[in-house]
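1. generate a structure from the sequence data that follows.
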Amino acid sequence: MKKLLPILIILILLSACAHIQVEPKRYYILEYKKVKENQELIQKTPFNNTVRVIDAELSRTYDRKQIVLRTSENMIEFNYDHLWADHLSESLSNLIQTRINRYRIFNQVYRDMQQSVDFEIVPVVQSIEFLDYGVKNGAHLNMDIYLKNIKDNKYIIQHHVESTVLMYDRDFEMFVQTINDMVMEETDKFIIKTVKYLKNPSKAIQVDSLTGDFAVEKTEEDSSYVQDLSDVDLSSLGRVVIGSMSDPDYEPPFSIEDLSGNDLGSYKMGSDVLLEPGKYIVVIGNGSANQKIKKEIEVFPRYKLYVKPEWGWLTVDVIDQNRSQVDQRYELFDLVTGESYGFGYGILEGVGQKLESWVLKPGYYKIVLQGYPFNTYTDFATVEVKPEKSEHITIVFDTENKKMLGAGKILQDDLLNAKNHLNVSILNHLNANIQSNNDTSKSKYLTTVVLSEQLDSKMVYDVFPHYYSLKNITELGITKDTDTEIRFSSDKFDLKNTYVYFFYNWIGVYSRADVNTHFFNEFIHTSDSQWYKKLDLDENGKLSYTKKFQIKSSLTPLTFKEGAGINLRLLNTSRANLNIRSGLGLLQNINKEYYIYDSTLEDSIIVYKELESKYQKGTEVSLNGNFQIFSNLTYSTNADLLFPFDKKLSSTINWENAFNLRLLNAVSLDYRINLDYDKDKKNYVQMDHSLFLRFTYIFTQ
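-> Residues are numbered from 1 along each chain as shown. You can find the predicted model right below:
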């Protein structure tokens, strides 16, 4: 039972997480909201006419239950999880009828086709759709509202609207409310034209169809919306949302104050805030209290208020000549006043960091490298921040001379503000290596000097909730001692695949598959011939007297690791990234013709014994992280532990650690210490130290 307990816990967690992800179908309604009425349009005395609002006409594309998504200029999709609860043709006309009734424009407003009326209102919808362009979302409405005189069957008024309202989140509820508001706003404009006609019908020129010129001119007056306090239920809360242009975790939070200046709380960008109806102050942006943006808002009951941004976003990326990202510090100033908004950082390449976004008042800003004053004439860049826009500027930094080589906008950065979620890098390292290990004895370390070539390739796809990484290190090294021939001193192929599906930013499920092997036969070289004895798995021995003794065959030992379970993301900041994983693990060590040191006989015969292949399954625990200690010093770690279900088998531990100290632009010191424990190999912790003087060339990044 104890053996099954870890698996049962993992299955329960997976089942619970899977249950959370079940997406039910959601239905939406268009609903009349009194809080958005224009009190100035309400007539004291209705006109002595009757009117019928007929069902809206929609094209086949939009006359359906599914909400229509436009994903490009010539492509649409039908969403089967987000549906209209009622027929749009009826619900749109019901909104218009209620508005006209509330404003008391006519004596009677009907929907019944059997009633005799003076006029008909004909809504015609060309398109009503959710714009879903990946990084941009919006609500689009193309609609005409006609007034027809029943007496002579002539159309006398047309109001046309084709409008798009930008949305900063893929929020279907916000889309429905936005369409609701757009229809009501355009109905108000239609009512203004209608009232103007009813007061002076002689100025209208009637036409025979739904096209043509109309005598009633298009009115451009903006209506002033006020709250009807008699209709407000103060027990109902309203919602406020401040849109996010990038990752909310890397944008400054906003706060809300009452009109007396009392702080009501701080919130993450893109999150909903529930408030009592009333007026508030939103405080948002970077910098001191005087530098932040303050905007007065009014919250209505049962209404989601999206605050239109009067600010802009800015991200600053710092790279070197090889296009590697650099964690270089800079300072941001207001170009007009010279006020400092504080310091920002680039990010370190390959450790999962993201750029932090500035939220700023519209205007011009100056970026200078750390240590330079505002009025510097070197090593600076300027950028304009515009309202509702996100600006991205790239600084090219000379890491050797600590100078700015250039700065500006790169085309790819501004293409629809798109992010390149698939990152591929191929690096080539030439290493001068000093290596010592205690493979043969716990207290005896052997040291060699080698030259090695290392191909370091990586592919990462990171779009929440999906994360996939493929990493490969292929290494070949040669050495030449004084008394031995040229030989391969390092030979390694290591491939790691990891996929994580995140339920939230900090928890998800993972699966992985790793392979570790080498390419060539491996030998022990000595300056003088020695006696060696090989023992196979059946204890059959073979003596040899040689300077070159083979202990490994090509491709063996071959190690496979597979695992699946829970992934916890403990740290995910600009300077630290740490994940812990636990679940079911499988390990296969294929050791055919792999010999390890066993003993030395009295007659100086050195005995090597073939290691038995091993297949294990058990509970695995792994840890991997990347940390930036200083601007030029990084630390990465990867630990794998396997606790077999079969108690006859020993646990295995493999812990890799790497410190990299950047000396010059393409030159660094790389120190690695790997710890390995496998009782079947050695009954102690094997430690492998390596110090590289590394020269790096970037093929692509």
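
2. which stretches of the stretch 401-550 of the chain have low pLDDT?
-> 411-421, 433-449, 480-484 (pLDDT under 70).

3. what's the spacing between the residue nearest to residue 649 when sequence neighbours are not counted and residue 684?
-> Distances taken as Cβ to Cβ, 6 or more residues apart in numbering put residue 616 closest to residue 649, at 5.7 Å, once the chain neighbours are dropped. From N, CA and C alone the C-beta is placed, and that goes for glycine too. Residue 616 sits 20 Å away from residue 684, going by Cβ to Cβ, to the nearest Å.

4. more crowded one of those two?
-> residue 616 (20 against 12; other Cβ atoms under 10 Å).

5. which other helices and strands contact the host helix or strand of that one?
-> Per DSSP states H and E: residue 616 is located in strand 614-630. Counting contacts by 3 or more Cβ pairs under 8 Å, 6 or more residues apart in numbering; DSSP states H and E, strand 614-630 packs against strand 558-572, strand 576-590, strand 633-644.

6. run the angle between the second one and strand 614-630 for me.
-> So that's strand 576-590. 160 degrees (axes from the mean of the first three to the mean of the last three Cα atoms, to 10 degrees).

7. the last one now?
-> Computed with the same axes, to 10 degrees, the direction of strand 633-644 lies at 160 degrees from that of strand 614-630.

8. could you point out which element follows strand 633-644?
-> Defined by DSSP H and E, the subsequent element after strand 633-644 is strand 652-662.

9. list the buried residues for that following strand?
-> 652-656, 658-660, 662 (16 or more other Cβ atoms under 10 Å).

10. same deal with stretch 494-510?
-> Within stretch 494-510, the residues scored as buried using 16+ other Cβ under 10 Å are 494, 496-502, 508-510.

11. circling back to that earlier point, list just the nearest of the buried residues of strand 652-662 to residue 315.
-> Nearest to residue 315 among the buried residues of strand 652-662 is residue 662, at 23.7 Å by Cβ to Cβ.

12. that closest one and residue 53: what is the separation?
-> Residue 662 is 72 Å from residue 53, by Cβ to Cβ.

13. how about residue 331?
-> Residue 331 is 61 Å from residue 53, by Cβ to Cβ.

14. okay, those two: which has more neighbours?
-> residue 53 (25 against 19).

15. so the more buried one bridges to which residues?
-> Using DSSP bridges, the bridge partners assigned to residue 53 are residue 121.

16. same check, this time on residue 148
-> residue 120, residue 155.

17. so how far is stretch 179-193 off the chain centroid?
-> 37 Å (Cα atoms, centre = their mean, to the nearest Å).

18. check which residues of that stretch are buried.
-> 179-193.

19. one step back: quick one: buried residues of the strand holding residue 616?
-> For strand 614-630, by 16+ other Cβ under 10 Å, it's 614, 616-628.

20. output the longest helix belonging to the protein.
-> Looking across the chain with DSSP state H, the single longest helix is helix 172-199.

21. that one: how far from the chain's middle?
-> So, by Cα atoms, centre = their mean, the centroid of helix 172-199 is 37 Å from its chain's centroid.

22. and stretch 566-575, by the same measure?
-> That offset, for stretch 566-575, works out to 14 Å (Cα atoms, centre = their mean).

23. just stretch 294-312 next, same as before
-> Distance, centroid of stretch 294-312 to centroid of chain: 25 Å (Cα atoms, centre = their mean).

24. circling back to that earlier point, with just CA atoms, put the very next helix or strand once past the longest helix of the chain into CSV.
-> Downstream of helix 172-199, the first helix or strand assigned by DSSP H and E is strand 238-241. Below are the C-alpha coordinates for strand 238-241, written out as CSV (Å, rounded to 0.1, in the frame of the first residue of the first chain):
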residue,chain,number,x,y,z
GLY,A,238,-20.6,47.4,-9.9
ARG,A,239,-17.3,46.2,-11.4
VAL,A,240,-14.3,48.1,-12.6
VAL,A,241,-11.6,46.7,-14.8
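
25. state the next helix or strand along the chain beyond strand 238-241.
-> Toward the C-terminus from strand 238-241 - assigned by DSSP H and E - lies strand 254-257.

26. packing partners of that next one?
-> strand 263-267, strand 278-284.

27. can you list the strands that the last one pairs with?
-> Strand 278-284 has the following strand partners under DSSP bridges: strand 254-257 (antiparallel), strand 293-299 (antiparallel).

28. wait, which of these is closest to residue 46?
-> It's strand 293-299; of the strands paired with strand 278-284, that one is closest to residue 46 (Cβ to Cβ) at 29.9 Å.

29. state the mean pLDDT of the helix or strand following the closest one.
-> Downstream of strand 293-299, the first helix or strand assigned by DSSP H and E is strand 304-306. Computed over strand 304-306, the mean pLDDT rounds to 85.

30. mind giving me the packing neighbours of whichever helix or strand comes after strand 304-306?
-> Downstream of strand 304-306, the next assigned helix or strand under DSSP H and E is strand 312-319. Applying 3+ Cβ pairs under 8 Å, 6+ apart, we find strand 312-319 packed against strand 329-334, strand 358-360, strand 380-385, strand 390-398.

31. switch those over to CSV; also include mean pLDDT.
-> What follows is the helices and strands packed on strand 312-319, written out as CSV (pLDDT from 0 to 100):
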stretch, mean pLDDT
strand 329-334, 91
strand 358-360, 94
strand 380-385, 93
strand 390-398, 89
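
32. spatially nearest residue to residue 654, not counting backbone neighbours?
-> Using Cβ to Cβ, 6+ apart, the nearest residue to residue 654 is residue 640, at 4.7 Å.

33. please apply the same query to residue 670.
-> Residue 670 sits nearest to residue 692 (Cβ to Cβ, 6+ apart), 4.0 Å away.

34. hang on, the one you found packs against residue 663?
-> No. Judged on Cβ atoms under 8 Å, residue 692 makes no contact with residue 663 at a distance of 11.8 Å.

35. who's more crowded, the two?
-> residue 692 (22 against 13).

36. of the buried residues of stretch 494-510, closest to residue 408?
-> Relative to residue 408, and with distances defined as Cβ to Cβ, the nearest of these is residue 502, at 34.5 Å.

37. host element of the residue of the chain positioned farthest from its centre?
-> No residue in the chain sits farther from the centre than residue 603, which is 65.7 Å out by Cα atoms, centre = their mean. Using DSSP H and E, residue 603 maps to neither a helix nor a strand.

38. renumber starting at 16 from here on
-> Sure, I'll start counting at 16 from here, so that last one is residue 618.

39. how near is it to residue 208?
-> Residue 618 is 112 Å from residue 208, by Cβ to Cβ.

40. and what of residue 544?
-> 107 Å.

41. residues contacting residue 103?
-> 45, 71, 73, 77-78, 140, 143 (Cβ atoms under 8 Å, 6 or more residues apart in numbering).

42. any idea of the pLDDT on it?
-> 93.

43. my guess is the residue nearest to residue 669 contacts residue 639, does it?
-> No. Counting by Cβ under 8 Å, residue 655 sits too far from residue 639 to count as a contact (9.1 Å).

44. burial measure for the residue nearest to residue 81 when sequence neighbours are not counted, as a count.
-> Of all residues not flanking residue 81 in the chain, residue 93 sits nearest, at 3.9 Å (Cβ to Cβ, 6+ apart). The burial count assigned to residue 93 is 13, neighbours taken as other Cβ under 10 Å.
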